[in-house]
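J.: have a look; sequence and predicted model below, questions after that.
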Amino acid sequence: MYLHEIRHVRLYKGRLVLEVILKMVSARSLDGELVSCFRNLTVSSGGGRGQAETGGDMPTLSGWKDLPMELLMRIISVVGDDRIVVVASGVCTGWRDALGWGVTNLSLSWCQQNMNNLTISFAHEFTKLQVLTLRQIKPQLEDSAVEAVANYCYDLRELDLSRSFRLSDRSLYALANGCPRLTKLNISGCSSFSDSALIYLSCHCRNLKCLNLCGCVKAATDESLQAIARNCAHMQSLNLGWCENVTDEGVTSLASGCPDLRALDLCGCVLITDESVIALASGCPHLRSLGLYYCQNITDRAMYSLANSCVKSKRGRWGAVRSSSSKDIDGLANLNISQCTALTPPAVQAVCDSFPSLHTCPERHSLIISGCLSLTSVHCACGLQRHRAEGTLQPTSHAY
């Protein structure tokens, strides 16, 4: 359903909206009380059928303006289709106000045309939004839409603007001033943002815990990472994939300023060296996921620092924790070292042995070593037992 279809639907206002919702509700497994209450709003008889503008018949609906707001919100939540939310907000003032106060999570990713205008038109209605997804297949959003969101959605906590190629620094400045409670922001692919705008954002949105900067080459610099380290001490997840200007200086700042970091993606950050990994190993005790794909300056020294670091599993080696769930195990659970061709089997095996949640077996693949032909002898606990059973294990010696 695109914008021109939404305009068409609004011609029928509440009657057609209720009819659409009724069909969707009927298709789901709901309790009888909800279905019965909803169906009581529909009155259908041989002589009381209205004519749609297209000439077809549709049931006459009565009482839709008096629909209890609690029931409206319950129906909307059950339907689970954000297109219906947008349409329903245009039925009448009562519905608009109810949805504006009751809807906290909204996605417009379904909108393939005129997302910018749609966002501007609804921003002043949905002032209680906490989660907003504006992910796009093709670029539509402009600064004016983000500014509208920032002006009205003060309580916004999570925002997805990924692939918004048309946005400029105006958007980040607007979010910094209008949405200080942001905890999660995805601006991956927004290649026009500068590091000065990101620095400004970090100074005003100090509650950020999850930030996706993948492909933001101009925004993700050592200077902006240092600002994040100073201002966003609660950062837990940071994606710096393919931010080729990032160096050890920026990463080491993160390691010292964001001790609660759980996931860091440095894939394609070709300038970093062992110093970055060593700093993370000593400064981020809660680190669970680390992406080093194509970081070809990484050597065995970095791997041994991980194996001996404070993020090492406190439970000992894999043999003592095989029955524990991954949530109960400390230490790295995901490590991507694909195309890190300088690494040797002993160093990588040392890391694998130190962290029980790292797996090379196909069923639980979390130690990614694609493109490293020299590392084919590295095995996790599962793989080790399989190879022992098959008698194909080749001994690997390492000291750390």
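T.: Alright, I've got the coordinates. Numbering: from 1, shown residues only.

J.: may I see the buried residues of stretch 184-204?
T.: By neighbour count on 16 or more other Cβ atoms under 10 Å, the buried set for stretch 184-204 is 184-190, 193-202, 204. C-beta here means a position set from N, CA and C on the backbone, and glycine is covered the same way.

J.: ditto for stretch 222-239
T.: Neighbour counts over stretch 222-239 (16+ other Cβ under 10 Å) mark 222, 224-229, 231-232, 235-239 as buried.

J.: stretch 176-188: how far from the chain's middle?
T.: Taking Cα atoms, centre = their mean, to the nearest Å, one finds stretch 176-188 lying 13 Å from the centre of the chain it belongs to.

J.: quick one: average pLDDT of it?
T.: Here stretch 176-188 scores 98 as its mean pLDDT.

J.: what's in contact with that stretch?
T.: The contact list for stretch 176-188 (Cβ atoms under 8 Å, 6 or more residues apart in numbering) reads 135, 147, 149-151, 153-164, 167, 172, 175, 193, 200-201, 203-216, 219, 239, 241.

J.: kindly report the same for stretch 365-377.
T.: 293, 333-341, 343-345, 348-349, 351-352, 357-360, 378, 380, 394, 396.

J.: now, which of the contacts of stretch 176-188 lie within helices?
T.: Using DSSP state H, the members of the contacts of stretch 176-188 that fall within helices are 147, 149, 150, 151, 172, 175, 200, 201, 203, 204.

J.: any stretches of this structure with poor pLDDT?
T.: Residue ranges of the chain with pLDDT under 70: 1-67, 75, 78-79, 310-330, 383-400.

J.: closest to residue 88 among the ones in helices among the contacts of stretch 176-188?
T.: Taking Cβ to Cβ as the measure, residue 88 sits nearest to residue 149 out of the ones in helices among the contacts of stretch 176-188, at 19.9 Å.

J.: in the stretch 51-200 of the chain, which spans are helices?
T.: Listed in chain order, the helices of the stretch 51-200 of the chain (DSSP state H, counting those that start in this stretch) span 69-79, 82-88, 93-102, 115-123, 143-152, 169-178, 195-204.

J.: could you tell me the angle between the first one and helix 93-102?
T.: What it means is helix 69-79. Taking axes from the mean of the first three to the mean of the last three Cα atoms, to 10 degrees, one finds helix 69-79 and helix 93-102 inclined to each other by 60 degrees.

J.: could you name the helices and strands sitting against helix 69-79?
T.: Where contact means 3 or more Cβ pairs under 8 Å, 6 or more residues apart in numbering; DSSP states H and E, helix 69-79 is packed against helix 13-26, helix 32-39, helix 82-88, helix 93-102.

J.: dump it to PDB, restricted to CA.
T.: Taking Å, rounded to 0.1, in the frame of the first residue of the first chain, the C-alpha atoms of helix 69-79 are listed here in PDB:
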ATOM      1  CA  MET A  69      -9.800   4.000  22.500                       C
ATOM      2  CA  GLU A  70      -8.600   1.000  24.500                       C
ATOM      3  CA  LEU A  71     -10.100  -1.300  21.900                       C
ATOM      4  CA  LEU A  72      -8.700   0.700  19.000                       C
ATOM      5  CA  MET A  73      -5.200   0.400  20.500                       C
ATOM      6  CA  ARG A  74      -5.600  -3.300  21.100                       C
ATOM      7  CA  ILE A  75      -6.800  -3.900  17.600                       C
ATOM      8  CA  ILE A  76      -4.000  -1.900  16.100                       C
ATOM      9  CA  SER A  77      -1.500  -3.800  18.200                       C
ATOM     10  CA  VAL A  78      -2.900  -7.200  17.100                       C
ATOM     11  CA  VAL A  79      -3.100  -6.300  13.400                       C
END
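
J.: ok now it, how far from the chain's centre?
T.: A distance of 26 Å separates the centroid of the chain from that of helix 69-79, by Cα atoms, centre = their mean.
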